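K.L.:
Just need the structure, nothing else, for what follows:
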Amino acid sequence: MFKVKKTVTFTFLAVFALLLATPVRSLAARIEGQISNGTTHRPLAGQKVELISPRGGMAVAGGATTDASGHFVIGGGKIDSSGFYLLQATYEGVDYNAPVKFDPSGNAAVSITAYEATNKEPALRISSARVIVRAEGTQAHVQELFALQNPLQKAYRNPKGTFFFHVPAGVGNPTVAAVGLMNMPLPQNPEKGKSPGDFYITYALKPGMNVMMVAYDADYTSQQLSLDDSVPYPVEAAQLFVIPPSLAVKSTLFTAAGQDPETGAKVFEAGKLKAGAPFAAQVTGQAAAATQESNAGQAEAGADQQQEGTQVKVVPDSITSVGVPFLLCFLLVLLWALGIRVAKEWPRWKARQQGSPVQKQFRAKMETLVNSIADIDELFASGKIAEKQYWKERLELKAKAVAILKAGPSSKSKPHAAPGSHR
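P.N.:
Prediction:
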């Protein structure tokens, strides 16, 4: 099962892209490894592999090409054996990544398995689905997680869509992410389908488990929500979490399964759903008090809840057998956008904030925060920090970064601001 841990060429590191370029020490580091074809179980000869430095602004720090046995070696004085790197191989249009972990002598061994690609849709199925409904103020925040299984030993890629889903037609465009290496959310661009509420993404589905996350906000001014979300795949098991637990749930599909003792969520379960069967349920009742007034601030609201002491909780089911914390499930869909926001804003802010003492102070604060995020990523990648502590501290740091961006000096009031330098 899965462990949560560019819809452009390297979207996978949209969250890492907010890290600043910093000088690295010239140490004699050496990386070697093997790249194999998981479809044919043979080595991949002549395959290009690149060494990516997240701390260096996703710069390529080195590279190599595999020999006839699929073996490669990357070395050089520019590789810092105390730094954090990712190895990437792109095979038949699909990116495959692996973290690089150096031993005390400065050497690292990394293996990557790539797969042949097909545009023929396999018999996809959902082994586990989770729908989380949180009624807050005048809105109902809905997050959905799907453990999507690709049974082929091939990667499924198709520009016409690989993962399809349906949400209520009146909620607008949902936000979508896939879970990638080290549990990082990979933002996706949902495309509209043939009917209202139908959407799809073109994320390449690798063999085995692919975790998809969908989130949207629905109007809850009438204190009721009608769920009719669905996926065109059979679902082996589904869960519905409702917050606050005082809400009433009426459904011919879901049956009550008690209340989660740590999160307080009311839990419902269903099993063996046919392809296309809706997650039908009526949710009614008084919503919790709104914690944020801004309609665009849902990601920050989730971060605030984390900072206020909400505890990470592992929910027991087939998904959590691979370690998906409940709070992570709930916040990840909200907070991946926070990382993208910083990543998009930072280069623009960096270019603007030159000159005055206030601007220099702002830049120094941001550099400190993004470097702190880089440091905690390195600690987690090397196994020196527990997963729960990692996510707690990382989310807090990202929330602080967004707060500084919002409160920082603006160039809009400057008469010399270049045209088009702000929206």
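K.L.:
Check the contact between Ala238 and Ala270; I expect there is one.
P.N.:
Yes. Ala238 is within contact range of Ala270, at 4.6 Å (criterion: Cβ atoms under 8 Å). For glycine as for every other residue, the C-beta is placed from the backbone atoms N, C-alpha and C.
K.L.:
Overlap of the contact sets of those two?
P.N.:
Any residue near both Ala238 and Ala270 by Cβ atoms under 8 Å, 6 or more residues apart in numbering counts here, and that gives Phe254, Phe279.
K.L.:
Am I right that Asp95 is in a helix?
P.N.:
No. Counting by DSSP: H, G, I helix; E, B strand; the rest coil, Asp95 falls outside a helix, being strand.
K.L.:
And it, what's its pLDDT?
P.N.:
Per-residue pLDDT puts Asp95 at 92.
K.L.:
Around it, count how many other residues there are.
P.N.:
For Asp95, the neighbour count with other Cβ atoms under 10 Å is 20.
K.L.:
How about the secondary structure of the closest residue to it other than its chain neighbours?
P.N.:
Distance criterion Cβ to Cβ, 6 or more residues apart in numbering; nearest residue to Asp95, sequence neighbours excluded, is Gln88 at 5.9 Å. Three-state assignment for Gln88 (three-state DSSP): strand.
K.L.:
okay, now Thr118: neighbour count?
P.N.:
Close neighbours of Thr118, defined as other Cβ under 10 Å, add up to 15.
K.L.:
hang on, it packs against Asn150?
P.N.:
No. Using Cβ under 8 Å, Thr118 is not in contact with Asn150; the gap is 10.1 Å.
K.L.:
Please enumerate the shared neighbours of those two.
P.N.:
Residues touching both Thr118 and Asn150 (Cβ under 8 Å, 6+ apart) are Tyr156.
K.L.:
For Ala364, which three-state class applies?
P.N.:
helix.
K.L.:
And Gln389, by the same measure?
P.N.:
Applying three-state DSSP: Gln389 is helix.
K.L.:
Quick check: it vs Ile376, distance?
P.N.:
9 Å (Cβ to Cβ, to the nearest Å).
K.L.:
pLDDT score assigned to Lys48?
P.N.:
96.
K.L.:
ok, the residue lying closest to it once chain neighbours are set aside to Asn37 distance?
P.N.:
Nearest non-adjacent residue to Lys48, counting by Cβ to Cβ, 6+ apart: Thr65, 5.4 Å away. Distance, Thr65 to Asn37, by Cβ to Cβ: 15 Å.
K.L.:
neighbour-wise, which of these two wins?
P.N.:
Asn37 (19 against 11).
K.L.:
quick one: that one and Ile112 touch, right?
P.N.:
No. Asn37 is beyond contact range of Ile112, at 10.5 Å (criterion: Cβ under 8 Å).
K.L.:
follow-up on the earlier one: wait, doesn't the residue nearest to Lys48 sit right on Glu50?
P.N.:
No. Shown here, Thr65 and Glu50 do not form a contact pair, counting by Cβ under 8 Å, at 10.4 Å.
K.L.:
Tell me the spacing between Ala207 and Glu393.
P.N.:
No Ala there; residue 207 is Pro. According to Cβ to Cβ, Pro207 stands 33 Å off from Glu393.
K.L.:
now Lys192
P.N.:
Lys192 is 38 Å from Glu393, by Cβ to Cβ.
K.L.:
partners of the strand or helix carrying Gln34, with directions?
P.N.:
Element membership for Gln34, per DSSP states H and E: strand 29-37. If you go by DSSP bridges, strand 29-37 pairs up with strand 42-43 (antiparallel), strand 71-76 (antiparallel), strand 107-114 (parallel).
K.L.:
pLDDT-wise, which helix or strand of this structure ranks last?
P.N.:
Scoring the helices and strands of the chain by mean pLDDT, DSSP states H and E places helix 298-307 at the bottom, with a mean of 35.
K.L.:
who does the helix or strand hosting Ala238 touch, helix- and strand-wise?
P.N.:
Secondary-structure assignment from DSSP H and E places Ala238 in strand 235-243. Judged by 3 or more Cβ pairs under 8 Å, 6 or more residues apart in numbering; DSSP states H and E, strand 235-243 is in contact with strand 125-136, strand 266-273.
K.L.:
out of these, which comes closest to Ser230?
P.N.:
Ranking those by proximity to Ser230 (Cβ to Cβ) places strand 266-273 first, at 8.6 Å.
K.L.:
Pull the residues that contact the closest one.
P.N.:
With Cβ under 8 Å, 6+ apart, strand 266-273 has contacts from 234-243, 245, 247, 249, 251, 253-260, 279, 281.
K.L.:
That strand to strand 235-243, inter-axis angle?
P.N.:
Orientation check (axes from the mean of the first three to the mean of the last three Cα atoms, to 10 degrees): strand 266-273 against strand 235-243 gives 160 degrees.
K.L.:
So for the next helix-or-strand element following strand 266-273, what gets flagged as buried?
P.N.:
Later in the chain than strand 266-273, the nearest helix or strand by DSSP H and E is strand 281-284. Across strand 281-284, burial judged by 16 or more other Cβ atoms under 10 Å covers Ala281, Val283.
K.L.:
And for stretch 65-74?
P.N.:
Thr66, Gly70, Phe72, Ile74.
K.L.:
And the strands paired with strand 29-37: which comes nearest Val171?
P.N.:
Evaluated with Cβ to Cβ, the strands paired with strand 29-37 place strand 107-114 nearest to Val171, the distance being 37.3 Å.
K.L.:
Against Ile385, how distant is Phe199?
P.N.:
Relative to Ile385, and taking Cβ to Cβ, Phe199 is found at 36 Å.
K.L.:
Many thanks, I have nothing further to ask.
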